[in-house]
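Trainee: quick one, structure for this:
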Amino acid sequence: MRSFVAILILALYAYVEAQSNPNIVIIFTDDQGYADVGCFGAEGYETPNLDKMASEGMRFTDFYVAQAVCGASRAALLTGCYPNRISMLGAPGPKSKHGINPDEILIPEMLKNKGYSTGMFGKWHLGHHKKSLPIHHGFDEYYGLPYSNDMWPHHPGVRHLPMKERLKKWPHLPLIEGDQIIDDEVTPEEQKSLTTDYTIKAVNFIKKNKDNPFFLYLAHSMPHVPLFVKDKNKGITKKGLYADIIWEIDWSVGEIIKSLKDNGIDENTLVIFTTDNGPWLSYGNHAGSAKPLREGKGTAWEGGVRVPCIMRWPKKIPSEKICSTPAMTIDILPTIAELTGSDLPNHSIDGKSIFPLMKGNPQAKSPHEAYFFYWGANLHAIRKGNWSLHLPHSYRSLKDQPGKDGIPSKYIQKSTGIALFDLKNDIGQKEDLSEIHPNIVERLKNLGEKHIEYVKKNKRNAARY
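Mentor: Numbering: from 1, shown residues only. As a prediction, this is how the structure comes out:
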């Protein structure tokens with residue numbers, strides 16, 4: 001009898017704990033610019049669902065990715081580590097021989113130990129080899145593309161060639177469910193449904209798991225080029241294809257929040273919306289806007305690494321709040337660990353919990369002394385407080401006018417020397433203050449040198465296949 005009572009008490013405890021643990025939803029878009037959301041200054045189109053999400057939660061104005069390129073950015077989000085430390089750089093494609101190391105602990109793996117159901121729908125980009133895929137890294141369900149939707153033989157750069165020649169550069173794009181290819185030749189027509197298909201899968205996942213805690217990672221392929229939108233939504237904004245894409249993403253956000261409400265779990269769910277890096281500016285009207293920030297994707301300037309971020313959690317995150325304290329995607333894993341009582345990975349990570357910022361605590365400060373921005377293996381920039389220091393480096397910038405209708409323009413290489421900016425008063429990084437504040441330059445340079453040494457001493461390898 002006593003053993004039965006003990007079992008009953010343990011079962012009741014487990015049930016209560018499961019009911020109290022929050023659901024976590026991360027919506028991650030691709031190449032969406034800082035100014036591609038209404039409440040972040042979008043011009044020419046509206047995002048009513050995202051704007052409502054911001055009014056019901058918190059808008060982070062100084063939120064960053066660890067590196068302004070697809071794969072590295074996603075590695076940082078899911079591991080809480082700078083991608084340089086775990087050797088996940090660039091954007092691994094169909095010919096890549098590496099992927100996320102199985103020894104890395106990703107958010108879903110951390111949450112599995114707390115009884116979470118885990119699902120991912122969308123773009124993965126941490127390796128396309130079977131052992132690299134999401135369901136081998138903590139996800140119960142996966143449906144989506146293994147890498148960017150332009151890594152295929154219909155890319156504008158090869159479209160003029162015969163298919164035989166195209167396939168030498170880019171093989172056919174596969175659609176994967178679990179770890180099996182269910183469509184080995186995704187067509188342009190099929191890409192039109194990606195955003196809606198991912199959303200439907202995500203909504204079904206929410207409904208199926210409404211009675212137990214879950215982690216949902218919805219990683220949209222859009223608005224990465226080539227742009228595709230469902231036929232019924234093409235022209236819906238009357239402001240061009242890119243605006244239609246953003247409308248469809250905004251619709252998706254609305255569907256996710258509606259599903260949470262319909263299933264009675266809205267108040268116990270944290271929803272985070274952000275993107276993987278700034279806009280791919282060379283694509284012109286098929287790219288977003290980083291205004292008023294400098295440059296875009298592929299650079300460590302603010303337009304490449306600063307991204308829109310909105311967080312919503314009724315009764316936990318105050319409504320209509322703005323946080324201008326710097327934060328980064330590496331901080332999401334440790335924040336989720338704190339919220340769910342999960343153990344952090346037993347190896348070193350770089351992120352730290354930002355829950356005090358999310359709660360709107362006026363005394364809350366950044367948990368980091370500084371943030372560090374690499375391009376490839378090289379440290380390009382450091383942010384500490386309102387100061388941004390750029391070390392000498394080259395970077396890409398548009399040569400002439402941006403491209404049009406899916407055809408990109410060319411980049412040229414520019415260079416910068418040591419340059420210091422006050423981001424509070426100069427968000428566009430136009431005025432170099434390094435000669436006026438040499439002491440600040442020296443302090444930030446020293447932090448950068450220490451971080452470079454830290455990365456070298458604590459580097460882990462990616463998996464090789």
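
Trainee: mind listing what residue 314 touches?
Mentor: 56, 266-267 (C-beta atoms under 8 Å, 6 or more residues apart in numbering). For glycine as for every other residue, the C-beta is placed from the backbone atoms N, C-alpha and C.

Trainee: can I have the buried ones of those residues as a PyMOL selection?
Mentor: For the buried members of the contacts of residue 314, the matching PyMOL selection, counting by 16 or more other C-beta atoms under 10 Å, is:
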select buried, resi 56+266
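
Trainee: now do the helices in the chain.
Mentor: 2-20, 48-55, 70-79, 107-112, 163-169, 188-191, 194-208, 241-262, 302-305, 332-340, 355-358, 438-457 (DSSP state H).

Trainee: mean pLDDT added to these, as a markdown table?
Mentor: Compiled in a markdown table, the helices of the chain are given as follows (pLDDT from 0 to 100):
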| stretch | mean pLDDT |
| --- | --- |
| helix 2-20 | 49 |
| helix 48-55 | 98 |
| helix 70-79 | 98 |
| helix 107-112 | 98 |
| helix 163-169 | 93 |
| helix 188-191 | 96 |
| helix 194-208 | 98 |
| helix 241-262 | 98 |
| helix 302-305 | 98 |
| helix 332-340 | 98 |
| helix 355-358 | 98 |
| helix 438-457 | 98 |
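
Trainee: domain parsing for this structure?
Mentor: Segmentation of the chain into domains, based on automatic domain parsing, reads 22-363, 373-464.

Trainee: deepest in the core, which of these is it.
Mentor: Mean neighbour count, computed with mean count of other C-beta atoms under 10 Å, is highest for domain 22-363 among these, reaching a mean of 21.

Trainee: and the residue positioned nearest the centre of the chain, what does it touch?
Mentor: The residue lying closest to the centre of the chain (C-alpha atoms, centre = their mean) is residue 276, at 3.5 Å. Residue 276 makes contact with 28-31, 65, 70, 73-74, 77, 307, according to C-beta under 8 Å, 6+ apart.

Trainee: rerun at 10 Å
Mentor: Applying C-beta atoms under 10 Å, 6 or more residues apart in numbering, we find residue 276 in contact with 28-32, 65, 67-74, 76-77, 91, 123, 125, 219-220, 224, 297, 307, 329.

Trainee: do the same with residue 150
Mentor: Residues near residue 150 by C-beta under 10 Å, 6+ apart: 93, 156-157, 170, 173, 191, 221, 224-226, 280, 406.

Trainee: if we go to 8 Å?
Mentor: 224-226.

Trainee: strands of the stretch 101-250 of the chain, start to end?
Mentor: In the stretch 101-250 of the chain, the segments counted as strands under DSSP state E, counting those that start in this stretch are 117-122, 141-144, 175-177, 180-183, 214-219.

Trainee: where does pLDDT dip in the protein?
Mentor: When residues are selected by pLDDT under 70, those of the chain lie in 1-19.

Trainee: residues contacting the residue nearest to residue 166 when sequence neighbours are not counted?
Mentor: Closest residue to residue 166 apart from its sequence neighbours, by C-beta to C-beta, 6 or more residues apart in numbering: residue 153 at 3.7 Å. Listed by C-beta under 8 Å, 6+ apart, the contact set of residue 153 reads 163, 166-167, 169-172.

Trainee: distance-wise, check residue 153 relative to residue 182.
Mentor: Going from residue 153 to residue 182 by C-beta to C-beta, to the nearest Å gives 19 Å.

Trainee: and the closest residue to residue 190 other than its chain neighbours, how far from residue 421?
Mentor: Nearest non-adjacent residue to residue 190, counting by C-beta to C-beta, 6+ apart: residue 183, 7.1 Å away. Separation of residue 183 from residue 421 (C-beta to C-beta) stands at 47 Å.

Trainee: how about residue 389?
Mentor: According to C-beta to C-beta, residue 389 and residue 421 sit 8 Å apart.

Trainee: likewise for residue 65?
Mentor: For residue 65, the distance to residue 421 - C-beta to C-beta - is 19 Å.

Trainee: quick check: phi and psi at the nearest residue to residue 44 once chain neighbours are set aside.
Mentor: Spatial nearest neighbour of residue 44, chain neighbours left out: residue 239 (5.3 Å); criterion: C-beta to C-beta, 6+ apart. Note on residue 239: backbone dihedrals following degrees, to the nearest 10 are phi -130, psi 20.

Trainee: my read: residue 239 touches residue 45, true?
Mentor: Yes. Counting by C-beta atoms under 8 Å, residue 239 does reach residue 45; the two are 5.2 Å apart.

Trainee: what about the strands in the stretch 251-400 of the chain?
Mentor: Remark: strands assigned in the stretch 251-400 of the chain by DSSP E, counting those that start in this stretch are 269-275, 306-312, 321-323, 327-328, 371-375, 378-384, 387-390, 393-398.
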